[in-house]
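> Let me see the structure of the following:
(one chain, ligands or ions: 1)
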Amino acid sequence: MKPLRCLVTAGPTREFFDPVRFVSNPSSGRMGFAVAAAAARTGWAVTLVAGPVSLPTPEGVTRVDVTSAAEMFRAVDEAFDGADLLVMSAAVSDYRPKERADHKVKKGELSMTIEMEPTVDILKSVAARKKPGQFVVGFAAETGDVVAYAEGKMRAKNCDMMVANRVGGPTGGFMSEENTVTLLFRDGARREIGPAPKTEIAEEIVAAIRERLQG
Ligand code: CTP
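Model prediction:
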């Protein structure tokens with residue numbers, strides 16, 4: 001049997017407004033890297049599209065490094081049609097500076113206001129052309145009303161499963177080793193995981209996907 005082709009994204013993106021300054025978020029990439037590692041251990045062929053993080057490539061995983069949301073979009077858009085499964089755990093910047101100077105902007109010329117424009121919604125854009133047999137997993141990072149928001153995002157972004165991720169607090173979050181998540185499925189099924197180390201959460205996420213895809 002051919003191994004399942006799994007595309008995972010992880011980490012933040014950086015949106016530069018001059019060569020040395022950018023807008024980003026504190027995502028460590030650990031959750032996505034742990035999912036990629038667990039997926040490879042289960043025998044899937046894994047491509048990991050990684051934003052700028054300082055993490056080693058998990059064994060058996062093909063890694064594509066990107067910096068901005070636009071670059072991540074290009075990499076995911078190109079690989080999506082050849083994938084059976086997309087796990088979109090990257091913390092993509094929702095906005096980017098409208099302009100990027102090609103030189104370091106001097107303190108004096110730096111305006112106190114940076115005009116921003118939205119980045120492409122990678123997940124929504126590729127999942128809109130999902131074919132039968134393809135399975136798409138989104139993540140929803142929320143500080144409150146986690147499950148309700150995640151449910152809405154699952155539908156709006158045409159996902160089969162959502163990992164609702166509580167950010168903030170001691171066992172949730174972007175930078176911590178631990179996480180608490182709720183898995184939501186299109187048929188209404190739900191499952192709570194954690195608080196537990198991100199490696200364990202990743203194992204459970206991959207096991208839940210495997211159950212749905214391979215029985
Ligand atoms: N996502 C994406 N492209 C973006 C923003 C988000 O692909 N430009 C993906 C994330 O990787 C995640 C899902 O969409 O899998 C939900 O991301 P989240 O930031 O929780 O939701 P948003 O749609 O950005 O909504 P909001 O910021 O209003 O909560």
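> Next, residue 17: phi, psi?
When read as degrees, to the nearest 10, the backbone of residue 17 gives phi -110, psi -10.
> Setting the sequence-adjacent residues aside, check what's closest to it.
If the residues on either side of it in the chain are set aside, residue 17 comes closest to residue 97, at 3.7 Å by CB to CB, 6 or more residues apart in numbering. To be clear about C-beta, it is placed using only N, CA and C from the backbone, and glycine gets the same treatment.
> which ones are touching residue 8?
Residue 8 is in contact with 32, 35-36, 39, 46-49, 86-87, 89, counting by CB atoms under 8 Å, 6 or more residues apart in numbering.
> Among the residues you listed, name the ones in helices.
When the contacts of residue 8 are checked against helices using DSSP state H, the ones located there are 32, 35-36, 39.
> Determine which two of these are furthest apart.
Put simply, by CB to CB the two of the ones in helices among the contacts of residue 8 set farthest apart are 32 and 39, 10.4 Å from each other.
> near the ligand, which residues of this structure?
Applying CB under 6 Å from any ligand atom, we find that the chain lies next to the ligand at 69, 88, 90, 92, 94, 119, 121-123, 138-141, 153.
> Restricted to helices, list those.
Counting by DSSP H, the members of the residues of the chain next to the ligand that fall within helices are 69, 122-123, 153.
> Could you report the separation of the nearest residue to residue 102 once chain neighbours are set aside from residue 101?
Of all residues not flanking residue 102 in the chain, residue 19 sits nearest, at 7.2 Å (CB to CB, 6+ apart). Here the distance between residue 19 and residue 101 works out to 8 Å (CB to CB, to the nearest Å).
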